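S.K.: how would this look folded up:
(chains A and B)
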Amino acid sequence: MTVLQDAFTYLTTGSSWTGTDGMLHLLLQQLLITVTAVGVAVLVGLPVALWLGHLGRLGFLAINISNVGRAVPTFALLGLFVAMDSWKDGIPLPFTEATLPFHTAYFPGVLTFGPYGRGGLAVVVALALFALPPITTNSYIAVREVDVDAIEAARGMGMSGWQRFRRVELPLATPLITSGLRLALVQSWATATIAALVAGPGLGLVITEGFVRNHYGQGIAGALVVAAVALVLEVLAALAQRAADPLPRRSSRNREGRGEAGVSVPRPMVAGAETP
Amino acid sequence: MTLPAAGVVQIQYKCYANVPTENKWFCKDYLTDYASDLRRATVEHLEITVLAVVVAVVVAFPLALMARRVPLVETTVLALTTGVYTIPSIALIPLLVPFTGLTRTTVVIALALYSLTILVRSMLEGLRAVPDDVRESARGLGYGPGRLLFRIELPLALPVVMGGLRVATVSTVALTTIGSLVSFGGLGNLIKSGVSDGFRAQLLAASVLCVLLAVALDATIVVAQRLLTPWSKGQRA
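M.R.: Numbering: from 1, shown residues only, chains lettered A, B, ... in the order given. This is a model prediction of the structure:
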């Protein structure tokens, strides 16, 4: 139990929060990485998924991507990502061998990237890829599963394709879309922490460093901060999700009751978070 | 003193050697030379995963039954398990260390907690999906609560429960790698040292084995489900 005291001491010591290696800096860095990655994933994935959902095509793709994603360990994928220093040969990037600060020329593996820190670019790209499945799958299913009667009615009222999408499908799909975004956000925070196991910046460094140097108190303190932020993010996301629902105060029980009389309809399988 | 005539010695590196010319991603020599390491890691990985899922099933079943009867238990269990699921795995394992130390138990408990979330939900959902008419007619035929549960409700809930079990198992295989933080991560240990040493052959081999393990366990559950619910043959879940 002395490790718990060590953890408490680490948390209450000012110097463990301040400075470039301090937890405050690492915390902000990790938040920045998480938000950027989810932002990129939304910009890339959301329009495509909504459009495909509106057309009702390529559904198998949306479902299968998230199923495959679950089996691949994030840890392994991040490791492969970072160990791929041959990237510099394959992908044209705005850096040359001469501008790299490391003689090993790892790219983008452990290269420092602005405010994102060491390994920042690799981690943002990897995280954005991981955030895509929950966003695209949920958005696709959300638009696809909108009540056919509602769409028929809209068509009967003479709405064009865009009007149907904007005024019928999107409002009805919003709860499921936002739940996908929430999932992506919380999952990205978790993955960003794992990124520290391989190269990345962020609070995971505090945990791994503590365990490597046998400072278990420090590792546990870092874990506490990571867990606390995760819970805060989840609660904030849940509040934002509620605020964004255009049809508020609709309890989930009512929604489950839709469907043919007497037959309980299983809810559509929503993409789960791959790894916490 | 004369040195023996030194011809230029050509060192033959294996394809997995960590030198600039070698260090290949895929290397057959690695698979043969390190076969015992790979086997040991795979067995450990399998043990941790199966233990965690079994513990989760054993705990989830009574929890789901209680949650079905008492609404307060349901909200509490669902809120708690959602909270646990929100905590990143790499944080949950250190948080258990003060209580269970740097042991395999720590990893198993953490993974079981994550599986619990998925399993309780799917069990509740599966039991709720049993049509009331069926329950009524069973009661009319004189089924007591115990027989009703085990002979009627559970078999009908099985497809949904097995769906949850598949998700839980596959994600547990992936999550086990994080156990490498306390050196009990099965294939994760090989991935970890592969990353830190730049040992590509090991990194790729361990990663691929991880995915294969997940696929194999998933297939096993699907086959088990077919055998357990022969009446649902031909109809897709």
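S.K.: okay, now the unreliable bits of the stretch 151-276 of chain A?
M.R.: Scanning the stretch 151-276 of chain A for pLDDT under 70 picks out A:199-200, A:248-276.
S.K.: please enumerate the helices of it.
M.R.: A:161-164, A:170-198, A:204-212, A:216-244, A:252-256 (DSSP state H, counting those that start in this stretch).
S.K.: gap between the third one and the chain center?
M.R.: In other words, helix A:204-212. Here helix A:204-212 is found 22 Å from its chain centre; the criterion is CA atoms, centre = their mean, to the nearest Å.
S.K.: what does the first one give?
M.R.: The gap between the average C-alpha position of helix A:161-164 and the chain average comes to 30 Å, counting by CA atoms, centre = their mean.
S.K.: contacts for that helix?
M.R.: Residues outside helix A:161-164 that contact it (CB atoms under 8 Å, 6 or more residues apart in numbering or on different chains) are A:54, A:151, A:154-155. C-beta: built from backbone N, CA, C; applies to glycine.
S.K.: who wins on neighbours among those residues?
M.R.: Within the contacts of helix A:161-164, neighbour counts (other CB atoms under 10 Å in any protein chain shown) peak at A:His54, which reaches 20 neighbours.
S.K.: just the helices of the stretch 151-276 of chain A: most buried one?
M.R.: Stretch with highest mean neighbour count among those: helix A:170-198 (a mean of 24; mean count of other CB atoms under 10 Å in any protein chain shown).
S.K.: and that helix, what does it pack onto?
M.R.: Under the contact definition 3 or more CB pairs under 8 Å, 6 or more residues apart in numbering or on different chains; DSSP states H and E, helix A:170-198 sits against helix A:23-55, helix A:74-83, helix A:120-144, helix A:204-212, helix A:216-244, helix B:89-100, helix B:187-197.
S.K.: nearest to B:Ala168, out of those?
M.R.: Minimum separation from B:Ala168 across the helices and strands packed on helix A:170-198 (CB to CB) falls at helix B:89-100, 13.9 Å.
S.K.: helix or strand next in line after that closest one, which one?
M.R.: As assigned by DSSP states H and E, the chain's next helix or strand after helix B:89-100 is helix B:104-128.
S.K.: measure how far that following helix is from the centre of its chain, please.
M.R.: Relative to its chain's centre, helix B:104-128 lies at 11 Å (CA atoms, centre = their mean).
S.K.: next one: stretch B:165-173
M.R.: 5 Å.
S.K.: what's in contact with that stretch?
M.R.: With CB under 8 Å, 6+ apart as the test, stretch B:165-173 has contacts from A:70-71, A:73, A:272, A:274-275, B:45, B:49, B:52-53, B:56-57, B:111, B:114-115, B:118-119, B:122, B:210, B:213-214, B:217-218, B:221-222.
S.K.: make it 6 Å
M.R.: Residues outside stretch B:165-173 that contact it (CB atoms under 6 Å, 6 or more residues apart in numbering or on different chains): A:70-71, B:49, B:52-53, B:111, B:115, B:118-119, B:213-214, B:217-218, B:221.
S.K.: could you identify the buried members of these?
M.R.: Neighbour-count burial within those applies to A:70-71, B:49, B:52-53, B:111, B:115, B:118-119, B:213-214, B:217-218, B:221; the criterion is 16 or more other CB atoms under 10 Å in any protein chain shown.
S.K.: only alpha carbons, please: show stretch B:198-215 as CSV.
M.R.: Output of stretch B:198-215 as CSV, limited to C-alpha atoms (Å, rounded to 0.1, in the frame of the first residue of the first chain):
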residue,chain,number,x,y,z
GLY,B,198,13.3,-2.2,-33.5
PHE,B,199,12.9,-5.9,-34.0
ARG,B,200,10.6,-5.9,-37.0
ALA,B,201,10.2,-9.6,-37.6
GLN,B,202,9.1,-10.1,-34.0
LEU,B,203,6.8,-7.1,-34.1
LEU,B,204,5.0,-8.3,-37.2
ALA,B,205,4.9,-12.0,-36.3
ALA,B,206,3.4,-11.3,-32.8
SER,B,207,0.8,-8.8,-34.2
VAL,B,208,-0.3,-11.3,-36.9
LEU,B,209,-0.5,-14.1,-34.3
CYS,B,210,-2.7,-11.8,-32.2
VAL,B,211,-5.2,-11.3,-35.0
LEU,B,212,-5.2,-15.0,-35.9
LEU,B,213,-5.9,-15.9,-32.3
ALA,B,214,-8.9,-13.5,-32.2
VAL,B,215,-10.2,-15.0,-35.5
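S.K.: number of residues surrounding residue 168?
M.R.: Because you didn't say which chain, this covers chain A. Here the number of neighbours of A:Val168 (other CB under 10 Å) works out to 19.
S.K.: chain B is the one I meant
M.R.: 28.
S.K.: does the longest helix seen in chain B reach chain A?
M.R.: As assigned by DSSP state H, the longest helix anywhere in chain B is helix B:35-69. No - Helix B:35-69 lies out of reach of chain A by CB under 6 Å from any CB of the partner chain, never closer than 10.4 Å.
S.K.: just want the angle from that helix to helix B:104-128.
M.R.: On the basis of axes from the mean of the first three to the mean of the last three CA atoms, to 10 degrees, helix B:35-69 is oriented at 40 degrees to helix B:104-128.
S.K.: off-centre distance for helix B:35-69?
M.R.: Centre-to-centre, helix B:35-69 and its host chain are 7 Å apart (CA atoms, centre = their mean).
S.K.: pLDDT of that helix, averaged?
M.R.: Computed over helix B:35-69, the mean pLDDT rounds to 93.
S.K.: quick check, central residue of chain B?
M.R.: B:Thr172 (2.5 Å; CA atoms, centre = their mean).
S.K.: which secondary structure state does that one sit in?
M.R.: helix (DSSP: H, G, I helix; E, B strand; the rest coil).
S.K.: quick one on the thing from earlier: just the buried residues of the longest helix of chain B, please?
M.R.: Residues of helix B:35-69 classed as buried: B:37-38, B:41-42, B:44-46, B:48-49, B:51-53, B:55-57, B:59-60, B:63-64, B:67 (neighbour count, 16+ other CB under 10 Å).
S.K.: how about the residues of the stretch 1-150 of chain A near chain B?
M.R.: A:3-4, A:70-73, A:75-76, A:79, A:83.
S.K.: any chance of the contacts of stretch B:165-173 in TSV, plus distance to A:Ala126?
M.R.: Listed next are the contacts of stretch B:165-173 as TSV, based on distance: CB to CB, whole Å:
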residue	distance to A:Ala126
A:Arg70	16
A:Ala71	17
B:Thr49	24
B:Ala52	26
B:Val53	27
B:Leu111	23
B:Ser115	25
B:Ile118	24
B:Leu119	29
B:Leu213	22
B:Ala214	20
B:Leu217	25
B:Asp218	24
B:Ile221	29
